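Enquirer: need a 3D model of the sequence below.
(one chain, ligands or ions: 3)
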Amino acid sequence: MTLPNLAINPQRLWDMLMDTAKFGGTPKGGIRRLTLTEEDRLVRDWFKAETEKLGCTVTVDEIGNMFAVRPGKRSDLLPIAMGSHLDTQPTGGKFDGVLGVLGALEAMKTLHEAGYETNAPIEIVNWTNEEGSRFAPAMLASGVYAGAFTRDYAYERADRQGVSFIDALEGIGYRGAEPVGQHKFGAMFELHIEQGPILEDEGKLIGVVQGVQGMRWYEVTVTGQDAHTGATPMYLRKNALLGSARMIDRIDAIAQKYAPNAVGTVGLIENQPNSRNVIPGEVFFTVDLRHPDEAVLQQMEDEFRAALPEILDPLKLTFDGKMIWKSPAVKFAPELIDCVRVGTEKAGLASRDMVSGAGHDAAYIARVAPTTMIFVPCLGGISHNEAESTTLEECAAGAQVLLNAVLEYDSRLA
Ligand code: HGY
Ligand code: MN
Ligand code: MN
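Expert: Residues are numbered from 1 along each chain as shown. Ligands and ions are numbered 1, 2, ... in the order given. So this is what the prediction gives:
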């Protein structure tokens, strides 16, 4: 069956990316669109209206995941999904997650204006709280959908101001009626920027993603004693910030030891009472460890856990450390990867195989449906930064390969 040469509209995609960036747009040109905030509600409302214009039926599940389904010839076939996320980091860019949802919307607009009817229904999914920045862990709603977390575990997650997920979800009116996981689809393709420098470095426009590395998040509270910085001799201090600083350095050393594939980061730290003339008595910090090989990741965790008493006991500090998230390394579906290869060749683009360093909803969805990803470069590999940037050509290349891959998969279902 010869597939049609349906070409996406690069300018229309670029204009959507630029226009929707106003929902949470920052003076530096990034986006602050934390999940379940007013800005998130605005972009969700826009997405629902845009997909309904294409004849889609939009449903929302109990955790805010949005599903916009365009009918196909055969309602007996499960939809082919194209999904990603519209929430961003506090100092996020215009493309992380957003390109995946709007690239899918551009693909669907192309089908609609061509009057092309696919065999299977085609749908676009907006997954709630992929970033995990406001409500940890990351990929929370796709994780609930895939059975990695219960709905109520997610509902009870609180942000650092104590606001619960369920209160924020109801606050923006996106607690849908559909039980999480009830909405079924047959496969998912996720388009995303690479968020690293490899494609740009090699001059390739497409990453044929094979899977996602293993990721683990921990929370550590170090307790010492608030005391006067002037009147307390050095040998009598219980300085929680000093202990935390040494832990931060050790976590970096552990990742360096297992580099180049290992990464380790402390990204969030809260120092109490954070007063210039008080010895800090309590520090909270987060740890993010990642590696493609679970056995090495376990070794890194073991060394991190052993470091806590080794470093903190001599400083007369106590600590509470716990793992709050574990996303094992994931391999994507060979047949969908092959559709991406076919779609890339059809678009006449250079590509390379790669594993994702960043987490994505696709990592969880791969547990319940054949799933894969398509990467495009981003400038300097910079992401999770307001300076995150790509070009119209790179975005268009990704959306074209996404459309080609979905049509290739659809043709195989016939
Ligand atoms: O943490 C991650 O890798 C993703 O950006 N949420
Ligand atoms: Mn993302
Ligand atoms: Mn992200």
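
Enquirer: with adjacent residues omitted, what lies nearest to I311?
Expert: Among residues not flanking I311 along the chain, R246 sits closest, at 4.8 Å (Cβ to Cβ, 6 or more residues apart in numbering). Quick note: C-beta positions are derived from backbone N, CA and C, even for glycine.

Enquirer: likewise for V220?
Expert: G321 (4.4 Å).

Enquirer: show the backbone phi and psi for the one you found.
Expert: Dihedral angles of G321 (phi, psi; degrees, to the nearest 10) stand at phi -120, psi 130.

Enquirer: was I right about it contacting E219?
Expert: Yes - between G321 and E219 there is a contact under Cβ atoms under 8 Å: 7.3 Å.

Enquirer: quick check: neighbours shared by these two?
Expert: Counting by Cβ atoms under 8 Å, 6 or more residues apart in numbering, G321 and E219 have no contacts in common.

Enquirer: where in the stretch 1-150 of the chain is pLDDT low?
Expert: Low-confidence segments of the stretch 1-150 of the chain (pLDDT under 70): 1-3.

Enquirer: residue numbers of it in contact with ligand 1?
Expert: 130-132, 138 (Cβ under 6 Å from any ligand atom).

Enquirer: list the residues that contact K322.
Expert: By Cβ under 8 Å, 6+ apart, the neighbours of K322 are 218-219.

Enquirer: doesn't it fall inside a helix?
Expert: No - read with DSSP: H, G, I helix; E, B strand; the rest coil, K322 is strand and lies in no helix.

Enquirer: for the residue in the stretch 301-414 of the chain that ligand 2 sits nearest to, give me its contacts.
Expert: Residue nearest to ligand 2 within the stretch 301-414 of the chain (Cβ to the ion): H360, separated by 5.8 Å. By Cβ under 8 Å, 6+ apart, the contact set of H360 is 84, 130, 139, 190, 192, 212, 373.

Enquirer: ok, now F23?
Expert: F23 touches 31, 33, 39-40, 42-43, 46, counting by Cβ under 8 Å, 6+ apart.

Enquirer: just the element for it, please.
Expert: Under DSSP states H and E, no helix or strand contains F23.

Enquirer: sorry, back to before: okay if I get the residues of the stretch 1-150 of the chain next to ligand 1 as TSV plus secondary structure, neighbour count and distance to M234?
Expert: Shown next, in TSV, are those (DSSP: H, G, I helix; E, B strand; the rest coil; neighbours: other Cβ atoms under 10 Å; distance: Cβ to Cβ, whole Å):
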residue	secondary structure	neighbour count	distance to M234
E130	coil	27	45
E131	coil	23	41
G132	coil	21	39
A138	coil	24	40
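
Enquirer: and the residues you listed, which two are furthest apart?
Expert: E130 and G132 (7.3 Å; Cβ to Cβ).

Enquirer: can you pull the residues that touch both of these two?
Expert: Listed contacts common to E130 and G132 are 138-140; contacts here mean Cβ under 8 Å, 6+ apart.

Enquirer: closest to ligand 1 out of the residues you listed?
Expert: Among the shared contacts of E130 and G132, A138 lies closest to ligand 1 (Cβ to the nearest ligand atom), at 3.7 Å.

Enquirer: and the closest one, how far is that from T150?
Expert: According to Cβ to Cβ, to the nearest Å, A138 stands 17 Å off from T150.

Enquirer: which residues in the stretch 151-300 of the chain form strands?
Expert: Residue ranges of the strands in the stretch 151-300 of the chain, as given by DSSP state E, counting those that start in this stretch, are 187-193, 206-212, 214-223, 227-228, 263-265, 269-272, 278-279, 282-291.

Enquirer: what strands line up against the third one, and which way round?
Expert: It refers to strand 214-223. Neighbouring strands of strand 214-223 in its sheet, by DSSP bridges, are strand 282-291 (antiparallel), strand 318-327 (antiparallel).

Enquirer: and the host helix or strand of R412, what's buried?
Expert: Using DSSP H and E, R412 maps to helix 392-413. Buried residues in helix 392-413, counted by 16 or more other Cβ atoms under 10 Å: 394-410.

Enquirer: what does stretch 167-185 give?
Expert: 168-169, 172, 174-176, 180-181, 183, 185.

Enquirer: so of those, which ones are in helices?
Expert: Among the buried residues of stretch 167-185, DSSP state H puts 168-169 in helices.

Enquirer: let's have the buried residues of stretch 167-185 in JSON lines, adding distance to ligand 1.
Expert: Converted to JSON lines, the buried residues of stretch 167-185 look like this (distance: Cβ to the nearest ligand atom, whole Å):
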{"residue": "A168", "distance to ligand 1": "18"}
{"residue": "L169", "distance to ligand 1": "18"}
{"residue": "I172", "distance to ligand 1": "20"}
{"residue": "Y174", "distance to ligand 1": "20"}
{"residue": "R175", "distance to ligand 1": "22"}
{"residue": "G176", "distance to ligand 1": "22"}
{"residue": "V180", "distance to ligand 1": "19"}
{"residue": "G181", "distance to ligand 1": "21"}
{"residue": "H183", "distance to ligand 1": "22"}
{"residue": "F185", "distance to ligand 1": "21"}
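
Enquirer: perfect, I'm done here.
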